[in-house]
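In: Predicted model follows, preceded by the sequence.
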Amino acid sequence: MIRQYSLARDGERRLAPDFKVRELRCRDGSDTVMVDDALMLLLQCIREHFGKAVTITSGYRTAAHNAAVGGAKSSQHLLGRAADIRVQGVSVEDVAAYAESLMPDWGGVGRYPMKAGRATGWVHVDTRADKARWRG
Ligand SMILES: [Zn+2]
């Protein structure tokens, strides 16, 4: 279920043992934060599997912010169903492979490995009903 929060009111509220509402906020400073419960289950599983901090570099995005960062028009970030993450000390490949093992027949997993012009890699995960895999 996708829920709506207020950054001002709910920012410190825990959505899962290791994640607070503010970690999913849109980086344009908007107060509205949309988050899918299933996404938080997924992120908490990843956190516990690796036993390392999970940094969310992009969670919910407003339409304006999504356009500003060059996101896809129908991005799952717009729905609160997606997060771009890094796991401390764990490779993009290992994070992506574990996320795929949790969603064998559904969900989105995108690999964004470190490359020239990209200082750090990340993995996009989302809770869409159909299955999508890609490399960016
Ligand atoms: Zn993403």
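Out: Arrived safely, thanks for sending.
In: drop to CA atoms for contacts and neighbour counts, all remaining ones
Out: Fine.
In: Enumerate every residue touching residue 120.
Out: With contacts defined as Cα atoms under 8 Å, 6 or more residues apart in numbering, residue 120 is in contact with 113-114.
In: Over to it. Which of the three states is it?
Out: coil (DSSP: H, G, I helix; E, B strand; the rest coil).
In: Phi and psi next, for it.
Out: Phi and psi for residue 120, reported as degrees, to the nearest 10, are phi -140, psi 150.
In: can you start the count at 197 instead of 1 from here on
Out: Fine by me, first position is 197 from now on; the one you just mentioned is residue 316.
In: helices or strands next to the strand or helix carrying residue 245 in the packing?
Out: Using DSSP states H and E, residue 245 falls within helix 233-246. Helices and strands touching helix 233-246, by 3 or more Cα pairs under 8 Å, 6 or more residues apart in numbering; DSSP states H and E, are strand 210-212, strand 250-254, strand 278-283, helix 288-298.
In: I'd like to know which elements the shortest one is packed against.
Out: What it means is strand 210-212. Packed next to strand 210-212, using 3+ Cα pairs under 8 Å, 6+ apart, are helix 233-246.
In: The helix it packs on near the ion at all?
Out: No. Residues of helix 233-246 contacting the ion under Cα under 5 Å from the ion: none, with a closest distance of 12.4 Å.
In: Tell me which residues of that helix come out buried.
Out: 233, 235-236, 238-243, 246 (16 or more other Cα atoms under 10 Å).
In: Understood, closing this out.
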